[in-house]
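# The sequence and its predicted three-dimensional model are supplied below.
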Amino acid sequence: MNKKWMSVTLAMTLGLSLTLPSMSFAKNKEDWKGNLVIAGGALGGSNKEVYNEFITLAGGKKKAKIGIIPAASSSLKSSQSFKADLITYGLHEHQIEIVPLANRDFSGTPEDESKWKKNANNKKIAKKIENYSAIWFVGGDQLRITDTLVKSNGHRTKALDAIWKMYIEGGVIGGTSAGAAVMSEVMITGGDSLGALNNEFVRKSKLNSSKEYEPVHLEKGLGFFKYGIVDQHFDERARLGRLVMTALKEKSKKQFAYGVDEDTALIVNNKQKAVKIVGRSGVSVVDVSKVKVTDSDKAHFQDVYISHLVSGDALNVSTKEFFISDHKDETNEYEYYEFKPLDATGVFTSYGRLKEYLSYSLIDNRTTDAVKKLFVRF
């Protein structure tokens with residue numbers, strides 16, 4: 001029995017209402033002309049697919065004008081490293097600027113970068129941002145980004161207004177790790193899968209580090225990605241349970257939720273209402289539209305659908321149609337394994353187990369009957 005190595009979709013039995021207010025910065029979402037590059041963290045400088053995609057969307061090697069926002073980080077090292085990588089890929093130094101936006105002092109510099117927070121309402125900096133073709137958010141702490149760009153009353157700063165203007169008119173916004181977490185309106189800022197499956201969603205001030213798990217902390221993101229919730233460092237940090245439960249808590253039945261692996265990016269084309277995957281790992285797409293609650297107190301649910309996409313795969317976010325790349329190899333009969341039921345809790349607690357579980361345990365075996373449900377109990 002030969003079959004193509006393709007998207008993996010399964011129904012899960014899991015364990016759930018906290019609703020965050022919307023932070024929409026553009027009235028007509030249908031008019032957004034820009035694109036997004038949402039990287040899952042640990043982006044390697046040798047990842048040509050992601051870098052070339054970002055540069056191309058930004059206007060190409062000759063026309064790109066890129067602003068790097070360092071706010072999430074604790075130093076300028078990651079911003080300087082990303083700038084150096086862009087130069088390696090063919091951009092000139094004058095095409096790239098590190099935008100002085102931050103809410104705290106960085107290590108390793110004589111300047112006090114905490115003073116940069118007032119730059120978020122500086123008209124000259126806002127005008128400069130409007131003239132960029134792309135913005136990149138480095139990794140670190142996503143709350144530092146929102147604290148820098150959003151006023152205490154929830155209103156936009158001039159810098160954030162400028163980023164939105166650039167984006168809506170056709171620019172690209174990219175980010176990695178924390179820079180990916182801010183992309184959706186619902187922003188996951190902390191917590192793990194076990195905390196989520198214990199149905200603990202809290203404000204940060206109430207986090208209890210004495211527990212063996214960390215409750216999930218949700219805040220408002222910047223809302224650039226309008227098609228669902230985003231999580232990052234996904235499989236590497238066993239965040240499937242965290243994303244599933246967040247999608248259920250937020251009642252996101254009309255939209256998917258997206259878990260982006262490290263060194264991988266979700267490329268968003270708003271005009272085409274499509275996303276595609278580039279990079280070295282994959283993106284897990286969570287669909288809770290058909291979920292059935294069997295026991296909310298014990299976090300038991302049925303029919304949570306998971307699709308795992310890799311480089312070359314795509315999804316129409318309007319029709320929910322998946323497009324699987326035709327470049328993938330077929331498996332041969334001798335490559336199959338005997339199916340043995342495994343302890344599925346590993347995909348929620350052990351780093352890097354999801355792809356292994358889906359491939360070797362559920363797909364790559366001689367069993368001819370479809371595996372319909374993955375039972376998970378805690």
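Nice, thanks for sending it over. Numbers count the residues shown, from 1 in each chain.
# Do a quick rundown of the strands in the stretch 101-250 of the chain.
134-137, 172-176, 186-190, 201-202, 216-220, 228-232 (DSSP state E, counting those that start in this stretch).
# again but with the stretch 251-378 of the chain, I slipped
According to DSSP E, counting those that start in this stretch, the strands that the stretch 251-378 of the chain contains are 256-260, 264-269, 274-279, 282-287, 292-295, 300-310, 314-316, 321-323, 373-375.
# mean pLDDT lowest for which of the strands of the stretch 101-250 of the chain?
Lowest mean pLDDT within the strands of the stretch 101-250 of the chain: strand 201-202, at a mean of 88.
# what helices or strands is that strand leaning on?
For strand 201-202, the elements it packs on are strand 216-220, judged by 3 or more C-beta pairs under 8 Å, 6 or more residues apart in numbering; DSSP states H and E. In short, each C-beta sits where N, CA and C put it, glycine included.
# Remind me what the strand it packs on packs against, helices and strands.
By 3+ C-beta pairs under 8 Å, 6+ apart, strand 216-220 packs against helix 142-149, strand 186-190, strand 201-202, helix 240-249.
# rerun that using 6 Å as the cut-off
strand 186-190 (3 or more C-beta pairs under 6 Å, 6 or more residues apart in numbering; DSSP states H and E).
# now the strand it packs on and helix 240-249, what's the angle there?
Here the directions of strand 186-190 and helix 240-249 differ by 140 degrees (axes from the mean of the first three to the mean of the last three C-alpha atoms, to 10 degrees).
# got TSV for the strands of the stretch 101-250 of the chain, with distance to Ile98 and mean neighbour count too?
Listed next are the strands of the stretch 101-250 of the chain as TSV, based on distance: least, C-beta to C-beta, whole Å; neighbours: other C-beta atoms under 10 Å:
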stretch	distance to Ile98	mean neighbour count
strand 134-137	10	27
strand 172-176	14	28
strand 186-190	23	22
strand 201-202	34	18
strand 216-220	25	21
strand 228-232	22	27
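# okay if I get these as CSV plus distance to Arg280?
Below are the strands of the stretch 101-250 of the chain laid out as CSV (distance: least, C-beta to C-beta, whole Å):
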stretch, distance to Arg280
strand 134-137, 19
strand 172-176, 13
strand 186-190, 23
strand 201-202, 32
strand 216-220, 27
strand 228-232, 14
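# do you know which of those strands lies nearest Lys48?
strand 172-176 (15.1 Å; C-beta to C-beta).
# these two touch, right, His233 and Gly41?
Yes - counting by C-beta atoms under 6 Å, Gly41 is a contact partner of His233 at 4.5 Å.
# dump the residue contacts of Ala39.
Contacts for Ala39 were tallied using C-beta atoms under 6 Å, 6 or more residues apart in numbering; they are Thr176, Ala180, Ala265.
# dump the residue contacts of the first one.
So that's Thr176. So, once contact is read as C-beta under 6 Å, 6+ apart, Thr176 ends up touching Ala39, Gly41, Leu43, Gly139.
# Which ones among these lie within strands?
Ala39 (DSSP state E).
# Let me have the contacts of Thr176 in a markdown table, extended by distance to Leu309 and pLDDT.
Listed next are those as a markdown table, based on distance: C-beta to C-beta, whole Å; pLDDT from 0 to 100:
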| residue | distance to Leu309 | pLDDT |
| --- | --- | --- |
| Ala39 | 15 | 98 |
| Gly41 | 17 | 98 |
| Leu43 | 18 | 98 |
| Gly139 | 22 | 98 |
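# so which of the contacts of Thr176 comes closest to Gln272?
Ala39 (20.0 Å).
# Flag the shaky bits of the protein, pLDDT-wise.
Across the chain, the ranges flagged by pLDDT under 70 are 1-28, 204-209, 329-346, 350, 352, 360-378.
# quick one, helices of it?
Using DSSP state H, the helices of the chain run over 48-57, 60-63, 77-88, 123-130, 142-149, 158-168, 178-181, 193-197, 240-249, 346-349, 354-356.
# Can you get me a residue count around Glu356?
Neighbours of Glu356 under the rule other C-beta atoms under 10 Å: 14.
# right, I mislabeled it, should have said Leu243
Counted with other C-beta under 10 Å, Leu243 comes out at 26.
# re earlier: got any residues that touch both of His233 and Gly41?
Joint contacts of His233 and Gly41 (C-beta under 6 Å, 6+ apart) are Glu262.
# gap between the two ends of stretch 245-254?
15 Å (C-alpha to C-alpha, to the nearest Å).
# Stretch 216-230 now?
Stretch 216-230: ends 14 Å apart by C-alpha to C-alpha.
# so who does Leu222 touch?
Val182.
# what's the spacing between it and Glu262?
21 Å (C-beta to C-beta, to the nearest Å).
# Repeat that for Tyr351.
For Tyr351, the distance to Glu262 - C-beta to C-beta - is 11 Å.
# Need the overlap of contacts for those two.
Overlap of the contact sets of Tyr351 and Glu262 (by C-beta under 6 Å, 6+ apart) consists of Glu236.
# Neighbour count for the two, which is higher?
Neighbours per residue, other C-beta under 10 Å: of Tyr351 and Glu262, the larger number sits with Glu262, 22 against 12.
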